[in-house]
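[1] below is the sequence, then the predicted model.
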Amino acid sequence: MKRWGLFLLRVTIGWLLVLWGIDKFQDVAHGQAVAETFYFGIGTQAVLLKVFGALEILIGALVVLGLWRKRVYPVMFAVLLITAIGVWKSVVDPWGWFLEGSNVLFYPSAIIAAGALLLWGTMDEDGMTLDGVLA
C-alpha cells in the first residue's frame, strides 16, 4: 500500500504543478491577480509569469515521472512551501475568525507542502519512478 500511496502522492502533486504552470499561460490575468494578492505583486509581468509557468510545468513533469528526484524534490518543496506561506492566513485561521482575508479553500496548501516534504523524505522508498527504472 505504501508503494501505491507514494506513487499517487507524487503524481498528484506533480500534476498540480503542471496545472499551475499551464494556468500561467492560459490565463495571464489570473496569474497576475494571484501574484498581486498573495506575493506582494512579485512576478506580475506576463514574461515572468510565463517563465514561472514553464518552470512549474518542467518541475511538475519531472515529479510525475520520478526523474532526478534528488534535485527536483527540494525545488518542488520550496515552490509549495512558498505557496503555503503566501496563504498563511488561511492555514492559521481557515474560517477567518481572527484574520481577515483567509479562505478555508486555501488550507490544503499546507497539506500539499507537507506531502511534498513526505515525498522528499521517503524518496528512497518510492520504487515506481523513472529514476528507479534507470538505476
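    Nice, thanks for sending it over. Numbers count the residues shown, from 1 in each chain.
[2] what is the burial count for the closest residue in space to Val92 that isn't next to it in sequence?
    Using C-beta to C-beta, 6 or more residues apart in numbering and skipping the chain neighbours, the partner closest in space to Val92 is Leu99 (6.4 Å). For glycine as for every other residue, the C-beta is placed from the backbone atoms N, C-alpha and C. Neighbour count for Leu99, taken as other C-beta atoms under 10 Å: 14.
[3] equivalent analysis for Ile13, please.
    By the criterion of other C-beta under 10 Å, Ile13 has 21 neighbours.
[4] so where do the helices sit in the protein?
    2-26, 28-38, 46-65, 69-86, 88-92, 108-121, 130-134 (DSSP state H).
[5] from the middle of its chain, how far away would the longest one be?
    What that stands for is helix 2-26. 8 Å (C-alpha atoms, centre = their mean, to the nearest Å).
[6] what of stretch 64-80?
    Here stretch 64-80 is found 10 Å from its chain centre; the criterion is C-alpha atoms, centre = their mean.
[7] quick check: buried residues in it?
    Within stretch 64-80, the residues that count as buried by 16 or more other C-beta atoms under 10 Å are 64-66, 69, 72-73, 75-77, 79-80.
[8] ditto for stretch 128-135
    Buried, per 16+ other C-beta under 10 Å, within stretch 128-135: 129, 131.
[9] averaged pLDDT, it. What do you get?
    Averaged over stretch 128-135, pLDDT sits at 87.
[10] likewise for stretch 22-39?
    88.
[11] give the buried residues for it.
    In stretch 22-39, counting by 16+ other C-beta under 10 Å, buried: 23-24, 28, 31-32, 34-35, 38.
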